[in-house]
Structures are given as C-alpha cells and as structure tokens.
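Novice: here is my input; please provide its structure:
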Amino acid sequence: MNVKTLKSPRTSGAAAGGSTQAQLHKALALHQQGQLEEAQRIYEAILRIQPRNFDALHLLGVIANQSNDPQRGASLIAKAIAIHPNFAIFHFNHGNALMALGQATLAATSFRRAIRLQPDYVGAHFNLAMALQMGKDQQGAVDCYNRLLTIQPDHVAALLNRGNMLVELGQTEASVASYDQALALAPNQEGIWYSRACALHSLRRYAEAVASYNQVIALQPDHSRAHNNRGVALRDLGQDALAVESFERAIALRPGDPQPLNNLGLALKHLGQYQAAIDCHDRGLAIDPGYAIGWYNRGLALREIGDQAAALASYERAIALNPQAGEFHCDRGVALQDLCQLDAAISSFDTCIGLLPDYPDAYWNKSLALLAKGDFSQGWPLYEWRWRNAKTGLRPTPFAQPLWLGQAPLEGKSILLHCEQGLGDAIQFFRYADLVSELGARVCVEAPPSLFALFKAAANNFEVIRTGSDASGFDYQCPLLSLPLALKTTLATIPHPQSYLSSDPAKVALWSERLGPARRPRIGLVWRGNASHNNDQFRSMPLATLLPHLPEGVDYVSLQKELRDGDQQTLNANPDLQHFGPLIQDFSDTAALCQLMDQIISVDTSVAHLSGALGRPTHLLLPPSADWRWLLDRDDSPWYASVTLHRQARGQGWEPTLRQLGAALTSSA
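Specialist: Reported below is the predicted structural model:
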C-alpha cells in the first residue's frame, strides 16, 4: 500500500492524551517519508502506554507488511480490527497481509469488508479482484474489475488485468477490446501491447499480432519475449525468413534461453536448411538438456535429412523427459516406420492413441504401418482417418449423396467414384470400378483431365466424366481409395494384378511414327516424381545419376514430361536419348509410349502405376522408406504382376541399387 494515503490518526481507546496524538502524527510523518525504523519505534512506545491504540496497532502492522513480515502485519492489524472494526483501511491492509501470505480466500473476505464500509474504495475493489485471480476465480475477478471500472473508468491496470482474465476464460475477443481501452489511456505501456499481441496471436490474427509485437519492440527494444513471439507469428504467416531475424534478436538478448533457439531451428527447417536447424537445436539442448520439445524438434529435422536412426534417438530422449506427450510417441512411431520396424511403430502409435484418443496423425500412421505389413483387415478402416489428419492435406469433397463403404446393396443403384489424391493413386485404384459395377450398380468415375482419355478408353461397364462435371443424380458416392475397405480387399483378393488399362491404338500409331523404326530394345525412363511430394528428395534422382548404370545396346526414351535443374544439360550431352516433353499431352500419350517400350524404369511416381496397370515390364526404384503399397522385403508387387521392385538400402544411396539394376538388365538382354 502507499502510506501517503493513510488518514491522520484518530483518538484511540478512552482518551488519548495530546502528547500521544502528537506522537502518532510525528510517527505517521516519518512513516510516509520512508523512515520506517523511527516510525516503528514511536508506534511501539505508544502501545506500551496505550496497548489498545488501534491506530498504532494498524500502522505498526503496515510497517510489518512493508518490511516483508506479513505474518506479524496480519496479527497486528487483526488486533486493531478487533478494537475498531469499522475502518475500511484496516480491512484493506489486513487483506494485503493475507495476500502476501498466500491466503487468497481470507484476503478476499477482508477486501469485501472494506468495500462494505466504503463502496467506492477503488483499491479494495482492485485488490479483491487480485485475490480472486490468485484463487483461480477468473470470472469473479472480471466481475470485480467491471465494478471498479464503473467507479473509475480510466483505471488502466484494471483494464489490463481484466483483459488477462478474459483470456484465461477463453473470451479472447473481449480481452482485445479491454486492452484497446487501456491503450487508449496509456498508449506507451509496452506491457499492454504485449498482452494484446499474445491475445491476437492466439486468435490466429497473425498480422495484427505482429503489428502489436512491433509496438512492444518500439517501446522496449530489448523485450526478448516480444522478439521471440513476433518470430512465431511471422512463421504462422509463412514468413520464415523474417522470423529468423526475430529469433536471432531474441537469442542475442537472452543467450541462455533455449526457446528462441528451438523456434529458430523450426524456421530454418521450414526453409530447407536442415543441418542449420539441427545445429540450433543442439545449441538449445546444450543450454538445457532437459528441454523435451527441443529433442523432439531435433528429431523432426533429422528425419528431413534421412537420418531416421538419429531422429529416433532424439524422439526417445524427448519421451524420457515427457512420457505423457502423445505426439512424441507418434513421431517416434513414424521414425520406426521409416526404419521398417513396423511392430514397434504400431506400438508407439498405440501409446499415442492411449494418451490422445482423438489424435488423427497416430491413427493415420498406424494405418500405413498395418497396410505396409499387409494387414489390410485392420489397415483399411484406419486409413479413413486420412480425412481428419491435417498433415495429409486431404479434405473430403462435399457431396449431397451419402458415402458408400459397402454397407448398403448397390443392385439397381447408381454411384459416383471420385479421385482424391495423386494421379498414381487414381490409376492404382481405378481397377475397382469394374468390381463395383459387378455389384449391379450404375457406376460413374470422375477423372482429372490428364487421366480422362485413358480412363474413358478402359470403361466398358461404366461411365467416366471429367472432374468438375455435374455429379448430381447418383444414389451414393465413394472416393477411390476407400473402395478396398468397402470391398474388404485382402492381399489375396487384390483385383486385376495383371493389367486393367490399355493404350489407344491411334495414339500408339502416332507415337510409333514419332519414335521411328525400332532397331533394338527400347527402355523408357522416369527419374523424377512430383517435386511437391513430401518424400521426393529421397524417391527422385537426377538423370545424370541414372544413366551411367544403364547397359549399352538399348535405345532409351524419356517418359518424363517436365524437367528440373540439370536434366536438360544431361539430355543435351546424350542426344541418343529421345525426350518429347511438351508433346506428351496427357496419360493417354504416356500409355502409348509405354506400350512401345520393351521395359520401363521408373522411380515411385504415377508413370510406374500406369506401366504396371498396362501390364508392361517395369523396374520400380524405391527409396529406403518406401510407400506402404510396396509392402516390405519383397521384389514383386501384389498390385502389379509385371513390376519388379528394386529397393535402396538405407544409408547407401542409389549407387548399389542402380548397379544391381544394370546387372539385371544386362543378364536379361
């Protein structure tokens, strides 16, 4: 409390002598000047003469509070209240002592008594709100601040604290309004700007949050938390390069804090600077080896560079520090999955699900592990979690028709089958259209433009329409990758493993003319997939990596539609390798080219699925962490009988795999 607000002493007890009253005034003056020891000496002298002098008892209790002895302060002021219970300031200072003792409930009672005696006592209203905050009664605190603000609308601290309580109550929009009222009165208080920025950040109003963090920094340039949080908000806006600057400033201001180093690591990882990100996490963990989230994020960065074993070790350190963090167990499972330790991965996903029963990423990844094991009966149902997992980027297309998953008979009904993921997925699961048709349904398949002509040519018992066409007039709908669940597919019942697509004869004739007469065996080449694929850095390769391992005496044809950096130079250096690029309009052109090849060599991309669906002899080059559909520890595929799998050994790069491929091609020539 501010002792300058104390009223002049009143007459205590029976009749205070003039000298006693004068001594009280003198002591109070000393008290207000901060000369506590001298004031205390006088108060104690008065009490030796008048033990029931409530003013001296009260003021001596105030000095005890100021001297960090709230236990004595509460005792002395309680004695004053027992003698004279009707002074609001006695109850107010008694409440302050109880607050210092951590007795929030008793303190609140004292502040309420002060307010009953003096309803417009602003300090008592404010401290009552603080006591309610301490007692976790956030709504009570807000109500108290509201009452205070009707008495004193320009009470900046009340507006700030009310905003903070509204945040805790989940009323964040209202908190921003309270902060704005405070800033209208005190625009240069960085603490209010900081609270406002944090509230806007939690509302995902990231640009406004950054603007508020900027105000904090303008007022207090060394506010490390504002720099750190500004960086987080910039990351949320996708501005990782600017975020890096904020995190680096926060690190310079607080070099012993691992949090901005952790955040800098995340920003660098998102910028593709994986080793720099790992180094940041290592610096943070050197400061605090017990920083669980730092170990976890280090594991995420290690996984990006393909060091799954080190990533796994980092996840396990994180779990040892925080075993209740379900997401740690999930990503440990992903690392084990990448290491092809599927049973252990499934166990980690189950642990995550036990901790986070509605965590989509765990169910989704568990489905992939089960499918990779060939456990389709458990895998397909869990695969439906793809729609709820934000990391897949998949969102179900809104249809008026109900989803069909095999639960209703289709005899005499109509159903729309629609694509949902990549072009390779569409090709792989297009095979199911015939089976649905055999159930007695009128079937229509919705196809993207690049697959429309190819699918239409294969549609004997059903219709094919372009994506975006009118899809009304059907009884049911089903995405293509849900059909194995609907039809209860097992490894033994995968339909059409030999072939189910065919090339257009007219297109074959056209491409035969473009290729010219075949003088020797032809092999089609695909060395890169979609650059946006999350595993593309490991599944694709430069053309220059592939060519040296291919045998001579063969005509090689590029089936690659689009080139990336370095590929054109390699083609220029190998003029015998035919490349048609822009002449390939859609997959019906690619199918015709595949038909004219004796063999196809492809990385894991849509052309490999096309070649397998056409029944063409195909060599599929797989990275160490191959997609679930290629299963484990086998060189054949139950999905495509004509495909031979060549798996890259972990940590050895493409060279050994390509040498084995070259030897296989040479021996079969």
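Novice: quick one, domains of this protein?
Specialist: Per automatic domain parsing, the structural domains of the chain span 324-392, 414-493, 505-668.
Novice: can I get these in TSV with mean neighbour count?
Specialist: All C-beta atoms are positioned from the backbone trio N, CA, C, and that covers glycine. Converted to TSV, the domains of the chain look like this (neighbours: other C-beta atoms under 10 Å):
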stretch	mean neighbour count
domain 324-392	20
domain 414-493	19
domain 505-668	18
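Novice: using CSV, lay out those together with distance to Ala400 and mean pLDDT.
Specialist: Converted to CSV, the domains of the chain look like this (distance: least, C-beta to C-beta, whole Å; pLDDT from 0 to 100):
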stretch, distance to Ala400, mean pLDDT
domain 324-392, 18, 94
domain 414-493, 7, 93
domain 505-668, 30, 92
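Novice: any chance of the ones you listed in CSV, plus distance to His281?
Specialist: Converted to CSV, the domains of the chain look like this (distance: least, C-beta to C-beta, whole Å):
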stretch, distance to His281
domain 324-392, 14
domain 414-493, 32
domain 505-668, 20
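Novice: so which of those is nearest His270?
Specialist: domain 505-668 (13.1 Å; C-beta to C-beta).
Novice: now the end-to-end length of that closest one.
Specialist: Terminal residues of domain 505-668 are spaced 28 Å apart (C-alpha to C-alpha, to the nearest Å).
Novice: repeat that for stretch 412-421.
Specialist: Using C-alpha to C-alpha, the two ends of stretch 412-421 sit 29 Å apart.
Novice: what residues does that stretch touch?
Specialist: With C-beta atoms under 8 Å, 6 or more residues apart in numbering as the test, stretch 412-421 has contacts from 394, 397, 399, 401, 404, 425-426, 432-433, 436, 440-448, 451, 467, 471, 473-481, 483.
Novice: now tell me what touches stretch 31-43 from outside.
Specialist: Outside stretch 31-43, the residues touching it (C-beta under 8 Å, 6+ apart) are 3-4, 6, 23-24, 26-28, 30, 56, 59-60, 62-63, 66-67.
Novice: redo that, cut-off 10 Å
Specialist: 2-6, 23-30, 53, 55-64, 66-67, 76 (C-beta atoms under 10 Å, 6 or more residues apart in numbering).
Novice: cross these against helices and list the overlap.
Specialist: Of the contacts of stretch 31-43, the ones assigned to helices by DSSP state H are 23-30, 55-64, 66, 76.
Novice: all the strands of the stretch 401-550 of the chain, residue numbers only.
Specialist: Remark: strands assigned in the stretch 401-550 of the chain by DSSP state E, counting those that start in this stretch are 414-418, 442-447, 463-466, 476-479, 522-526.
Novice: quick one: the second one to strand 414-418, angle?
Specialist: Read that as strand 442-447. 20 degrees (axes from the mean of the first three to the mean of the last three C-alpha atoms, to 10 degrees).
Novice: which strands border strand 442-447, and is each parallel or antiparallel?
Specialist: strand 414-418 (parallel), strand 463-466 (parallel) (DSSP bridges).
Novice: let me have those in JSON lines, extended by distance to Pro360.
Specialist: As requested, the strands paired with strand 442-447 are arranged in JSON lines below (distance: least, C-beta to C-beta, whole Å):
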{"stretch": "strand 414-418", "distance to Pro360": "22"}
{"stretch": "strand 463-466", "distance to Pro360": "31"}
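Novice: for the ones you listed, which one sits closest to Leu101?
Specialist: When those are compared by C-beta to C-beta, strand 414-418 sits nearest Leu101, at 67.3 Å.
Novice: for Arg10, give me the pLDDT.
Specialist: Turning to Arg10, the model gives it a pLDDT of 58.
Novice: what do you get for the one 4 residues further on?
Specialist: The predicted local confidence for Ala14 comes out at a pLDDT of 38.
Novice: who's in contact with Ala441?
Specialist: 404, 409-415, 417, 462, 474-476.
Novice: which one of those residues is nearest to Ala320?
Specialist: Nearest to Ala320 among those, with distances taken as C-beta to C-beta, is Trp404, at 46.1 Å.
Novice: the closest one and Trp193: what is the separation?
Specialist: 55 Å (C-beta to C-beta, to the nearest Å).
Novice: equivalent analysis for His31, please.
Specialist: With C-beta to C-beta as the criterion, His31 and Trp193 are 37 Å apart.
Novice: quick one: which of those two has more around it?
Specialist: Set His31 next to Trp193 and count neighbours by other C-beta atoms under 10 Å: Trp193 wins out with 27 against 23.
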